[in-house]
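*Asks:* All I have is the shape, not the residue letters:
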RNA sequence: GCGAUCGUAGCUCAGUUGGUUAGAGCAUCGGUUUGUGGUACCGAGGGUCGCGGGUUCAAGUCCCGUCGAUCGCCCCA
């Protein structure tokens, strides 16, 4: 298998059942986003490197060591997108979408991060993405969360997934809490793991969700944001949770759920499963009111989430791959020639069908059977001479002779 | 980037303390009187045992390196 040509590390060839499941996730997302009146948007797979460097933050691992950046032939530094949000915000500014705000947008496609591959974690992976740009209403957060919840329900995986919810407050709250956290962890410096000592300088809030047991006492005794929540921020969070309750979406408060980047405000959430090991987050997002400003636009509140298609597909049941309605079995050269016209007519009439090209009749019938087709259309020379074909019901085994002209109507009648 | 486990046909695996031409099931292809599938039987193709080096009379089996996958850490929409 691994001769000369090998897949690039962290990439995947998706086919067969996996491809069916992957497509089912995308199709379900597309159906659900229409129900919520989210517009489809297509964006470039690469952007100027500065778009991600400025929005995601120079100090993050994503920007400092996980981006696929390269210089193009014109000497510009470009980067394959490591996420959707930054590019979408750039588009919002470049395309003048502020006139249309609030905008409800949905997109999906490949994203790229140079990471150590694991199950459910690839260097080219695929995300669904939903964002509401230009709304500072908690109703936007609610709508996005209900959308995510319905997506999981339609995929049949909502049982194994829980919504964890937190608030990071407004800018002032967030700063006050952050300062309190730093003070708290400074006083416990001696108890922290090496990783968390680095976090203390770079990303102190991340100590809260550290998995290292050495960090847990200090993390667990750290102050919650609640004591620092400004009244408006508290009100915002209460409206979000009340909206979820009204919509019948189950959630749990996770006061240790945080976002490292400064432009995150208010709602932060993750839909988490324990069925995928360390890669447990299947949908994650939050409100990022400060991002578009950081990119050079005017102050624009926004909220959104992204979901890993591969992870959702791994949780989803196998979907039966769509079978053709009929398979043509031509016998002999003249029949094969005639079959080309017949199958073209059927397909133009919207009837999914296939044709076997090789083997003897027994083989072709076996092929027709394993395809799952409802009918086999047997085209023999003598039948063709009479302008007829044999239509065989693969389930009952019944077979009848039919005028070629009646074939389309007969199959479409079903 | 760090630590650990693993790597034999398309897939799932077997391969005894290193010992002759590396096996099975599934799948594929062909056949069981030549125009009829799902069952059964017969047969065939397909592997330089991830790759490279080393130890040995002898390596799929041991050692080293490398690549890849997996598990955890890290990071994360």
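*Replies:* Everything's here; your move. Bear in mind that the values here come from a model prediction, so they are computed numbers and not experimental data.

*Asks:* Any buried residues in stretch A:35-47, and which?
*Replies:* For stretch A:35-47, the neighbour count (16 or more other Cβ atoms under 10 Å) marks A:36, A:38, A:41, A:43, A:46-47 as buried. (Glycine included, C-beta is placed from N, CA and C.)

*Asks:* And for stretch A:373-386?
*Replies:* So, applying 16+ other Cβ under 10 Å, buried residues of stretch A:373-386: A:373-380, A:383-384.

*Asks:* In strands, which of the residues you listed appear?
*Replies:* Mapping the buried residues of stretch A:373-386 onto strands (DSSP state E) picks out A:375-379.

*Asks:* I'd like those residues laid out as CSV, including distance to RNA strand B and pLDDT.
*Replies:* What follows is these, written out as CSV (distance: Cβ to the nearest atom of the strand, whole Å; pLDDT from 0 to 100):
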residue, distance to RNA strand B, pLDDT
A:375, 10, 93
A:376, 7, 92
A:377, 10, 93
A:378, 4, 92
A:379, 8, 90
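
*Asks:* Distance to residue A:83 added to these, as a markdown table?
*Replies:* Below are those laid out as a markdown table (distance: Cβ to Cβ, whole Å):
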| residue | distance to residue A:83 |
| --- | --- |
| A:375 | 47 |
| A:376 | 49 |
| A:377 | 49 |
| A:378 | 53 |
| A:379 | 53 |
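
*Asks:* picking up where we left off before, could you list which of the buried residues of stretch A:35-47 belong to strands?
*Replies:* If you go by DSSP E, the buried residues of stretch A:35-47 have A:46-47 in strands.

*Asks:* Are there helices or strands packed against the helix or strand hosting residue A:145, and which ones?
*Replies:* Assigned by DSSP states H and E, residue A:145 falls within helix A:138-154. If contacts are counted by 3 or more Cβ pairs under 8 Å, 6 or more residues apart in numbering; DSSP states H and E, helix A:138-154 sits against helix A:16-35, strand A:124-133, strand A:161-167, helix A:231-247, strand A:265-273, strand A:281-287, strand A:302-308.

*Asks:* Dump the ones you listed into TSV; add distance to residue A:52 and mean pLDDT as well.
*Replies:* Shown next, in TSV, are the helices and strands packed on helix A:138-154 (distance: least, Cβ to Cβ, whole Å; pLDDT from 0 to 100):
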stretch	distance to residue A:52	mean pLDDT
helix A:16-35	24	92
strand A:124-133	15	96
strand A:161-167	25	94
helix A:231-247	28	96
strand A:265-273	20	93
strand A:281-287	17	93
strand A:302-308	14	95
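
*Asks:* a markdown table for those, including distance to RNA strand B?
*Replies:* Formatted as a markdown table, the helices and strands packed on helix A:138-154 follow (distance: least, Cβ to the nearest atom of the strand, whole Å):
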| stretch | distance to RNA strand B |
| --- | --- |
| helix A:16-35 | 9 |
| strand A:124-133 | 5 |
| strand A:161-167 | 12 |
| helix A:231-247 | 17 |
| strand A:265-273 | 7 |
| strand A:281-287 | 3 |
| strand A:302-308 | 3 |
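
*Asks:* what sits against the closest residue to RNA strand B within the stretch 301-414 of chain A?
*Replies:* Residue nearest to RNA strand B within the stretch 301-414 of chain A: residue A:380 (2.3 Å; Cβ to the nearest atom of the strand). Contact analysis of residue A:380 by Cβ atoms under 8 Å, 6 or more residues apart in numbering lists A:331-332, A:335, A:390.

*Asks:* By neighbours, which of those residues wins?
*Replies:* When these are compared by neighbour count (other Cβ atoms under 10 Å), residue A:335 ends up highest, at 20 neighbours.

*Asks:* Got phi/psi on the residue in the stretch 101-250 of chain A that RNA strand B sits nearest to?
*Replies:* As assessed by Cβ to the nearest atom of the strand, RNA strand B sits closest to residue A:119 within the stretch 101-250 of chain A, at 2.9 Å. Residue A:119 has phi and psi values of phi -60, psi 130 when expressed as degrees, to the nearest 10.

*Asks:* Help me confirm that it comes into contact with residue A:279.
*Replies:* Yes: counting by Cβ atoms under 8 Å, residue A:119 does reach residue A:279; the two are 6.9 Å apart.

*Asks:* If you count surrounding residues, which of the two has more?
*Replies:* Legend: neighbour count by other Cβ under 10 Å for residue A:119 and residue A:279, higher for residue A:279 (16 against 12).

*Asks:* quick one, helices of the stretch 301-414 of chain A?
*Replies:* Ranges of helices within the stretch 301-414 of chain A are A:309-315, A:333-348, A:361-371, A:381-385, A:404-412, based on DSSP state H, counting those that start in this stretch.

*Asks:* Close to RNA strand B: what parts of the stretch 151-300 of chain A are there?
*Replies:* Neighbours of RNA strand B within the stretch 151-300 of chain A, by Cβ under 7 Å from any atom of the strand: A:195, A:198-199, A:203, A:206, A:210-212, A:259-261, A:270, A:277-279, A:281-285.

*Asks:* The most centrally placed residue in chain A: what's it in contact with?
*Replies:* For chain A, residue A:128 is the residue whose C-alpha lies nearest the centre (Cα atoms, centre = their mean; 2.7 Å). Neighbour list for residue A:128: A:25-26, A:29, A:106, A:108, A:151, A:306-307, A:309, A:312 [criterion: Cβ under 8 Å, 6+ apart].

*Asks:* now with 7 Å?
*Replies:* By Cβ atoms under 7 Å, 6 or more residues apart in numbering, residue A:128 lies in contact with A:29, A:108, A:306-307, A:309.

*Asks:* likewise residue A:81?
*Replies:* Neighbour list for residue A:81: A:45-47, A:87, A:111-112 [criterion: Cβ under 7 Å, 6+ apart].

*Asks:* Could I get the phi/psi values of it?
*Replies:* In terms of degrees, to the nearest 10, the main-chain angles of residue A:81 are phi -60, psi 130.

*Asks:* Quickly note the distance from it to residue A:88.
*Replies:* 10 Å (Cβ to Cβ, to the nearest Å).

*Asks:* Now for the residue in the stretch 151-300 of chain A positioned nearest to RNA strand B: which residues touch it?
*Replies:* Ranked by Cβ to the nearest atom of the strand, the top residue of the stretch 151-300 of chain A for proximity to RNA strand B is residue A:277, at 2.6 Å. Shown in contact with residue A:277 (Cβ under 7 Å, 6+ apart): residue A:119.

*Asks:* One more: residue A:290?
*Replies:* Residue A:290 neighbours (Cβ under 7 Å, 6+ apart): A:262-263, A:265.
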